[in-house]
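Asker: okay, sequence plus prediction incoming.
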Amino acid sequence: MILIKLGGSIITNKEKPLSARRKTIEKLAKSLKKIDEPIIIVHGGGSYGHYWSVKYDMHTKEKKYDLRGIAIVKNSMIELNKIILDLFLKNKLSPYCLPPTDFMMGNKPIQKKIKEITKIAKSGLVPVTYGDALWFGQKKTYILSGDKIMTHLAKTLKPRLVIFALNEDGLYSDLRSKKLIYELKGEQPSISENKMDVTGGMARKVEEATKISKMGMNVFFVNGNKSERIVKAVKNRKFEGTLFRGKKNV
Ligand code: IPE
């Protein structure tokens, strides 16, 4: 099984609120169609949920956030999710919409529900879930990022491979020269010094990818604009991107 995150910066135009990159999503769908293993898709919020969560000052920490903000973030994620589901359908994939409320209770994954996702994927359906604003309890809510979902799913489902499709070629050791890091073996690269992404978006991906690789799985960062690279990564062909080598494989 392959677990794939489609980052918000690849499926949406982050410069423009509420704009999905439909052509890119279609290309991604066409590439995903070429994978003949069960796949699970997680997508980010980009110029939909992410945009609104910033507007309403909502974060991953559980707090009493603005009720309108919660409602609007959730609504926008449904909208983006629908676009993805429609374009997957159009490109002959059979997506199975799985809002995170289906397998999360507060900030804890429901193990029984998560295990069920494997069965759904193995049937040929493509489970599609996404980062969202979630109820925590005691009038508090929080933002559950798609990156965090990746870690929750990887921990229980132990996919053969974990892929993050980004709007970059991978992780750069130097942002100015865009010198690509090809492989990391267990070490956590220093992103703060690297100043790769001031919003912390890339730092969070690296944090989750490092966690997952420490659980023993290989994690790839690939450029989602060149979606054939996802297929290459899956089919063990010449790989272009950054590999976080799983601890057990180092
Ligand atoms: C989006 O998930 C969560 C919301 C703000 C609703 P991500 O945090 O994984 O989204 P991207 O990939 O960074 O845009």
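Answerer: In hand now; what should we look at?

Asker: which positions in the longest helix anywhere in the chain come out as buried?
Answerer: In the chain, taking DSSP state H as the definition, the longest helix is helix 67-90. Using 16 or more other C-beta atoms under 10 Å as the test for burial, helix 67-90 gives 69-70, 72-74, 76-78, 80-81, 83-85, 87-88. C-beta here means a position set from N, CA and C on the backbone, and glycine is covered the same way.

Asker: could you do stretch 98-106 as well?
Answerer: For stretch 98-106, the buried set under the neighbour-count rule, 16+ other C-beta under 10 Å, comprises 98, 99, 100, 103, 104.

Asker: check contacts around the first one.
Answerer: Yep, that's residue 98 we're talking about. Listed by C-beta atoms under 8 Å, 6 or more residues apart in numbering, the contact partners of residue 98 are 117, 120, 127, 128, 129.

Asker: quick check: the residue located most distally from the centre of the chain vs residue 47, distance?
Answerer: Most distant from the centre of the chain: residue 138, at 28.0 Å, with distances by C-alpha atoms, centre = their mean. Computed as C-beta to C-beta, to the nearest Å, the residue 138 to residue 47 distance reads 31 Å.

Asker: after the helix or strand of the chain with the lowest mean pLDDT comes which helix or strand?
Answerer: Taking mean pLDDT, DSSP states H and E as the measure, the chain has helix 191-194 as its least confident helix or strand, at a mean of 49. Next in sequence after helix 191-194, counting helices and strands by DSSP states H and E, comes helix 201-214.

Asker: ok, which stretches of this protein are strands?
Answerer: 2-6, 39-43, 95-97, 104-105, 108-109, 126-130, 132-137, 140-144, 161-166, 172-174, 179-180, 183-184, 218-223, 242-244 (DSSP state E).

Asker: any idea how far the last one is from the chain center?
Answerer: It refers to strand 242-244. How far strand 242-244 lies from its chain's middle: 15 Å, per C-alpha atoms, centre = their mean, to the nearest Å.

Asker: ok, now the second one?
Answerer: From the chain centre to the centre of strand 39-43 is a distance of 7 Å (C-alpha atoms, centre = their mean).

Asker: between it and strand 161-166, how many degrees?
Answerer: 30 degrees (axes from the mean of the first three to the mean of the last three C-alpha atoms, to 10 degrees).

Asker: roughly how far does residue 47 sit from the ligand?
Answerer: 8 Å (C-beta to the nearest ligand atom, to the nearest Å).

Asker: so who does the residue nearest to that residue when sequence neighbours are not counted touch?
Answerer: Distances taken as C-beta to C-beta, 6 or more residues apart in numbering place residue 12 nearest to residue 47, at 4.2 Å, with adjacent residues excluded. Applying C-beta under 8 Å, 6+ apart, one finds that residue 12 lies in contact with 19, 20, 21, 45, 46, 47, 48, 80.

Asker: any of the contacts of residue 98 buried? List them.
Answerer: For those, buried by 16+ other C-beta under 10 Å: 117, 127, 128, 129.

Asker: the first one touches residue 40, doesn't it?
Answerer: Yes: counting by C-beta atoms under 8 Å, a contact exists between residue 117 and residue 40, whose distance comes to 6.2 Å.

Asker: who touches both of those two?
Answerer: Counting by C-beta under 8 Å, 6+ apart, the residues touching both residue 117 and residue 40 are 127, 153, 157.
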